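[1] generate a structure from the sequence data that follows.
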Amino acid sequence: MKVLIDEEKCVAAGQCVNASPDVFDQRDEDGIVVLLHENPPAELADDVRNAAAVCPALAIRIEE
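    Model prediction:
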């Protein structure tokens, strides 16, 4: 699994961080998503997929 984010689309809602805090964080200054692990371990795959699904801006893309 490879995770890609589009910072231009991100609206700083923080849903990704709630869904998968081991993979996503937010910048302090503006709340834009920060990707902590581009290739997260398999045990986090469901959380990452959920984060992509709940992102209101569809800023997260997953390549399997």
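[2] residue 12 is in contact with residue 59, correct?
    No - counting by Cβ atoms under 8 Å, residue 59 stays clear of residue 12, with 9.8 Å between them. C-beta here means a position set from N, CA and C on the backbone, and glycine is covered the same way.
[3] ok, those two, which is more surrounded?
    residue 59 (20 against 13; other Cβ atoms under 10 Å).
[4] from what I can see residue 38 touches residue 2, true?
    Yes - applying Cβ under 8 Å, one finds residue 38 in contact with residue 2, separated by 6.2 Å.
[5] which residues do residue 59 and residue 12 both contact?
    Common neighbours of residue 59 and residue 12 are listed as residue 33 (criterion: Cβ atoms under 8 Å, 6 or more residues apart in numbering).
[6] quick one: pLDDT of the residue lying farthest from the centre of the chain?
    The outermost residue of the chain relative to its centre, with distances by Cα atoms, centre = their mean, is residue 29 at 17.5 Å. Predicted confidence (pLDDT) for residue 29: 97.
[7] the one 10 residues further on now?
    The predicted local confidence for residue 39 comes out at a pLDDT of 98.
[8] that one - how many residues pack around it?
    Neighbour count of residue 39, defined by other Cβ under 10 Å: 9.
[9] for residue 58, give me phi and psi.
    Backbone torsions for residue 58, taken as degrees, to the nearest 10, come to phi 50, psi 40.
[10] now the closest residue to residue 30 other than its chain neighbours: phi and psi?
    Once flanking residues are discounted, residue 30 sits nearest to residue 12: 6.3 Å by Cβ to Cβ, 6 or more residues apart in numbering. The phi/psi pair for residue 12 (degrees, to the nearest 10) reads phi 60, psi 30.
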